[in-house]
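K.L.:
prediction below, plus the sequence it came from.
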Amino acid sequence: MTLRILLVDSGKEWGGGTNSMIELLKRLDRQRFQVTALFYCNYLKGDSDLRRELAGIGVPLEILPPPRQPLAAKLAKEFIRGFLRPWPGLRQRALHGVERWWRIDPLARQLAARLRAGGYDLLYMNNQPSSNLEGYLAAEAAGVPAVQHCRSVAALSPAEAQVVNRVACRIVCVSTGVRNALLAAGIRPELCRVVHNAIDVHQVLPAPLDIPGKAPGAVVVGCVGSLLPRKSVDHFLRAVAVVAPAMPPLHLVVVGDGPERGNLERLAHQLGLGGRITFAGFQQAPLAWIATMDILVQTSPREGLPRVVLEAMLLQKPVLGSDVVGTQELVRHGSTGLLYPYGDIPALTRCLETLAGDPALRQRLGAAGRERVLQDFSIAQYVAGVAAELEAATAGGGALEGGLGGKGQR
């Protein structure tokens, strides 16, 4: 039997979660799974875009633009934020009610209609529950099992958790930390299954690049990702500015683009890093840039299970990361990399100084990281794990509770 799956993603930009989803779609058995993707926008990937990337692997894409916020909804929200400020719980519920009225419920009706018209067996949502609430409501209305692939730490309101508990058949969590966050939000434990993100360990690895302006023998320290305030890349720059004067030559590489880039470029200039930093922008193939680094730095306050850390470990690069959900599940302090408390820039500085000044330590940590990826994070394990959860969600009565009609009654 071939399962007809509607894959829904409400994201607005290309990221690690998109890459992991693409890697999954490339490898799913087309005799078992027939997938149609439905995204809210056709976002860009360098010179390419989502439609082109999915077409290249034979997955059709539909675009469902979300409704524009009407003036009435905007005014209602402003009134609620001001009038109900002394009662935060009531204010949150009222704001959620407005959000449901103008955005969530209309989208749910459109998604339900697509599920019925397409004869789909399963709704598969890529993001995290509070970003996909309309999907849960649509699946419930259409009587179709719903599976969530939760790729980041989720913060759910009690009302959102209630909907998820009522409708979801499975929530695939990319890390144990993501699962624990869902449990803390009140999600039923039996729904949450951990299937770690993974990487193709057999791919051809690129050679390092030549970086213009890099001093001979400089230690290359870099980061990769969207340049957003929540990624805290400024912590990385501040730590390097402290370490650089007392160390062998350092060269910084910042791979990625986003709204924070201008601020980071100005900060680099203010810190006196202008001559030793390369802003590489968005890169279609970032693996070659990671191959050029001696140390990968990850400074974000939270992650699901960061793909870039897996890539660095595959390339035998030591990882210096914040001790947060996701990163802490990959990096074993003192074994495959170093961890520091998020936001503790002096601690980040000390770790960076240790790694930059000790080539033998970098080599040892990098080799151990590669061995860990080869053993525990192969793409075959990832694909098999997700495929098993998709099939289990539709097997023998699927898990939709509450007596829904249609395809939920199997």
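P.N.:
Looks like it arrived, so ask away.
K.L.:
drop to CA atoms for contacts and neighbour counts, all remaining ones
P.N.:
Noted.
K.L.:
immediately after the helix or strand hosting Leu339, which helix or strand?
P.N.:
Leu339 belongs to strand 337-340 when assigned by DSSP states H and E. Downstream of strand 337-340, the first helix or strand assigned by DSSP H and E is helix 345-356.
K.L.:
would you mark the buried spots in that next one?
P.N.:
For helix 345-356, the neighbour count (16 or more other C-alpha atoms under 10 Å) marks Ile345, Ala347, Leu348, Thr349, Cys351, Leu352, Glu353, Leu355, Ala356 as buried.
K.L.:
hang on, the second one packs against Pro341?
P.N.:
Looking back up the chat, that one is Ala347. Yes. In this structure, Ala347 is within contact of Pro341 by C-alpha atoms under 8 Å, at 7.3 Å.
K.L.:
can you pull out the low-pLDDT segments for the protein?
P.N.:
Low-confidence segments of the chain, defined by pLDDT under 70: 248, 396-410.
K.L.:
neighbours around the closest residue to Ala291 other than its chain neighbours, how many?
P.N.:
Closest residue to Ala291 apart from its sequence neighbours, by C-alpha to C-alpha, 6 or more residues apart in numbering: Pro208 at 4.9 Å. Using other C-alpha atoms under 10 Å, Pro208 has 13 neighbouring residues.
K.L.:
same check, this time on the one 10 residues further on
P.N.:
Counted with other C-alpha under 10 Å, residues neighbouring Ala218 total 16.
K.L.:
list the helices and strands the longest helix along the chain packs on?
P.N.:
As assigned by DSSP state H, the longest helix anywhere in the chain is helix 359-376. With contacts defined as 3 or more C-alpha pairs under 8 Å, 6 or more residues apart in numbering; DSSP states H and E, the packing partners of helix 359-376 are helix 307-314, strand 337-340.
K.L.:
would you mind measuring from the residue nearest to Ala291 to Leu355?
P.N.:
19 Å (C-alpha to C-alpha, to the nearest Å).
K.L.:
likewise for Pro249?
P.N.:
Taking C-alpha to C-alpha as the criterion, Pro249 is separated from Leu355 by 13 Å.
K.L.:
only alpha carbons, please: show the strand holding Leu339 as CSV.
P.N.:
The C-alpha trace of strand 337-340 is given here as CSV (Å, rounded to 0.1, in the frame of the first residue of the first chain):
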residue,chain,number,x,y,z
GLY,A,337,34.2,19.4,21.5
LEU,A,338,33.7,21.9,24.2
LEU,A,339,30.6,23.3,25.8
TYR,A,340,30.0,26.6,27.7
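K.L.:
lovely, talk soon.
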